[in-house]
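> I'd like to go over a predicted model; first the sequence, then the structure.
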Amino acid sequence: MREIEFALSPAEAADEKNIVAAITAQSGLTSLNGWQWRILRKSMDARSKFIKILFRVGIYQVQEIHSAQVPLFESKNVSNASPVHIIGAGPAGLFCALQCIELGLKPVLFERGKNVRDRRRDLAKLNKEGILNEESNYCFGEGGAGTYSDGKLYTRSNKRGNISKVLNWFHHFGADQSICYEAHPHIGTNKLPQIIENMRDAIIECGGEIHFESKLIDLETQFGQIRKILIQQLGWVNIQQLILATGHSAHDIYELLNQKNIFIEAKPFALGVRIEHPQSIIDQLQYRCEIRDPYLPPASYSLVEQINGKGVFSFCMCPGGIIAPASTRQGALVVNGWSPSKRNNPYANSGMVVGIDEKDFKDPHPLAGLKYQYTVEKKAFDAGGGKFVAPAQRMTDFLMNKQSSSLPACSYIPGLQSVSLSEVLPKIVNDALVQGLKLFGQKLQGKFGRPGYLTHEAVLVATESRTSSPVRIPRHQDELTHPQITNLYPCAEGAGYAGGIVSAAMDGMRIAEKIYANLHPFGD
């Protein structure tokens, strides 16, 4: 393999002929006959007026290309293999199941929510009628929270596992190949459901099991191990290993573990708002233009500051996106954001959150952060007046602590209610956001009469509180098991060991590998 790098203009990069010409010129070859090429990395350099698309490409002689390819999913019949029980069919649970199959183990998944298609009806009721199904929503159901809230695959650290394998598996099950080389890969909420279905079909065809609307409601321990679990509608199930891949919003799981005296602990998390701008403003600020070049994607941003020892940062930025109600509990309001694959909606939204730690809880109880989180979510629900109408404030009014006399058009379907957000957010969060936004406004200033980041056209929507879990389920660093329960494997975001789709998927795969190693200490 030879690797070459080059840069093209956005218009040039949109035409494969120009890419081939650049590869030929940079490689010194007279033609690419007898050679194959593959994009290894594609990113954007927007630091100057003339934006460039940067490529790193691998070229191979045709007879050698097989050695450069990452293997795709390898199916096996595991119908009669040793079962591995997994709670949760989000990215951690699904990728754990797929890895189990490759290793010759039989995955048995229990998912509290509905299958990925049936979830849509419940999301429609939530958005249009304000009716929440506590077991089937943006957080719960097949595919997990990422399926209907964007599908960004931004993790780039291989410390936790094999990123290339995760991205290649997504491609194998239906995602566009570009996710394997884009600097900021994104599948899109409109495309993820079919990919998740394809994964489910593969698991079942290989002899694995997936049970929907099957919630973990109790467990029994003996001699430092979980012996059996009680699954709603199915009854008691005997287990050998139990993987908890329940996501950051399964609060009842934390309460169950605490009730059973299984050690958990409070951990830092973040809390704040969703901020929405017209996408055209973000394009103008980031691309320094009046109108975005049609060959450029909708612009995004990433902002971070330290305010009196508190981190204030943007999170899950969604260009061309939509704000959605991500609540899992009646009477408590949570908002999140997502984008379709084309990112072609007229608004850009991002979480803007403040770090919260144990000093802010002022309570040593392991569920203190959970209580703190719920208190704010309840205030937001009450302030909106019910049916998941969200309290909101124009950005400029928020900085002046003035209730907005009107609110701009917004992508949030249940609707907005003008509220002074200082009455909803904890003072430490509100004050840090005010100072942080002022500094962000200095970084992203409008020019030539155009609005900057701090604009009357931007709106703050409360509350963004599920960036991560406020509870950690501890585990041994190497064995990945709970220090108290030797056959319990806390996994991914819900346990405090991941922060997105890719890192959750890698954590699930890593646990499958550890279980296999424990079952086969001397190899095959």
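Looks like it arrived, so ask away.

> looking at this structure, which helix or strand is least sure?
In the chain, the helix or strand scored least confidently by mean pLDDT, DSSP states H and E is helix 358-361, which has a mean of 89.

> using PDB, list the CA coordinates for the next helix or strand after that one.
Per DSSP states H and E, the first helix or strand lying C-terminal to helix 358-361 is helix 368-384. Backbone C-alpha positions of helix 368-384 (Å, rounded to 0.1, in the frame of the first residue of the first chain) are rendered in PDB as follows:
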ATOM      1  CA  ALA A 368     -27.900  12.300  44.400                       C
ATOM      2  CA  GLY A 369     -26.900  13.300  40.900                       C
ATOM      3  CA  LEU A 370     -30.000  11.500  39.600                       C
ATOM      4  CA  LYS A 371     -32.200  13.500  41.900                       C
ATOM      5  CA  TYR A 372     -30.500  16.700  41.000                       C
ATOM      6  CA  GLN A 373     -31.000  16.000  37.300                       C
ATOM      7  CA  TYR A 374     -34.700  15.100  37.800                       C
ATOM      8  CA  THR A 375     -35.400  18.200  39.800                       C
ATOM      9  CA  VAL A 376     -34.300  20.400  36.900                       C
ATOM     10  CA  GLU A 377     -36.200  18.300  34.300                       C
ATOM     11  CA  LYS A 378     -39.400  18.600  36.400                       C
ATOM     12  CA  LYS A 379     -39.000  22.400  36.700                       C
ATOM     13  CA  ALA A 380     -38.600  22.600  32.900                       C
ATOM     14  CA  PHE A 381     -41.800  20.500  32.300                       C
ATOM     15  CA  ASP A 382     -43.800  22.600  34.800                       C
ATOM     16  CA  ALA A 383     -42.500  25.900  33.300                       C
ATOM     17  CA  GLY A 384     -43.600  24.700  29.800                       C
END
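
> next, the contact list for the nearest residue to Q306 once chain neighbours are set aside, please.
Distances taken as C-beta to C-beta, 6 or more residues apart in numbering put V312 closest to Q306, at 7.5 Å, once the chain neighbours are dropped. (C-beta placed from N, C-alpha, C; glycine too.) Contacts for V312 (C-beta atoms under 8 Å, 6 or more residues apart in numbering) come out as 272, 304-306, 352-355, 432-433, 435-436.

> what of V84?
For V84, counting by C-beta under 8 Å, 6+ apart, the contacting residues are 96, 100, 105-108, 240-241, 243, 512, 515.

> which helix or which strand is home to it?
Assigned by DSSP H and E, V84 belongs to strand 83-87.

> mind checking the pLDDT average for that strand?
Across strand 83-87, the average pLDDT comes to 97.

> can you count the residues close to the residue lying closest to H251 once chain neighbours are set aside?
Nearest residue to H251 in three dimensions, chain neighbours excluded: L370, at 5.9 Å (C-beta to C-beta, 6+ apart). The number of residues packed near L370 is 21, by other C-beta atoms under 10 Å.

> so which of the contacts of V312 is the most crowded?
G272 (29 neighbours).

> how far away is it from M352?
Remark: distance between G272 and M352 (C-beta to C-beta, to the nearest Å) = 5 Å.

> pLDDT of the helix ranked longest in the chain, averaged?
Using DSSP state H, we find that the single longest helix of the chain is helix 501-519. The average pLDDT for helix 501-519 rounds to 95.

> tell me the angle that helix makes with strand 83-87.
150 degrees (axes from the mean of the first three to the mean of the last three C-alpha atoms, to 10 degrees).

> put the alpha carbons of helix 501-519 into PDB.
The C-alpha trace of helix 501-519 is given here as PDB (Å, rounded to 0.1, in the frame of the first residue of the first chain):
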ATOM      1  CA  ILE A 501     -22.400   5.400  19.500                       C
ATOM      2  CA  VAL A 502     -18.900   4.300  18.500                       C
ATOM      3  CA  SER A 503     -17.400   4.200  22.000                       C
ATOM      4  CA  ALA A 504     -20.400   2.300  23.300                       C
ATOM      5  CA  ALA A 505     -20.200  -0.100  20.400                       C
ATOM      6  CA  MET A 506     -16.500  -0.700  21.100                       C
ATOM      7  CA  ASP A 507     -17.200  -1.200  24.800                       C
ATOM      8  CA  GLY A 508     -19.800  -3.800  24.000                       C
ATOM      9  CA  MET A 509     -17.400  -5.700  21.700                       C
ATOM     10  CA  ARG A 510     -14.600  -5.500  24.300                       C
ATOM     11  CA  ILE A 511     -16.800  -7.100  26.900                       C
ATOM     12  CA  ALA A 512     -17.800  -9.900  24.500                       C
ATOM     13  CA  GLU A 513     -14.100 -10.600  23.900                       C
ATOM     14  CA  LYS A 514     -13.400 -10.700  27.700                       C
ATOM     15  CA  ILE A 515     -16.200 -13.100  28.300                       C
ATOM     16  CA  TYR A 516     -14.900 -15.400  25.500                       C
ATOM     17  CA  ALA A 517     -11.400 -15.200  27.000                       C
ATOM     18  CA  ASN A 518     -12.700 -16.200  30.400                       C
ATOM     19  CA  LEU A 519     -14.600 -19.100  28.900                       C
END
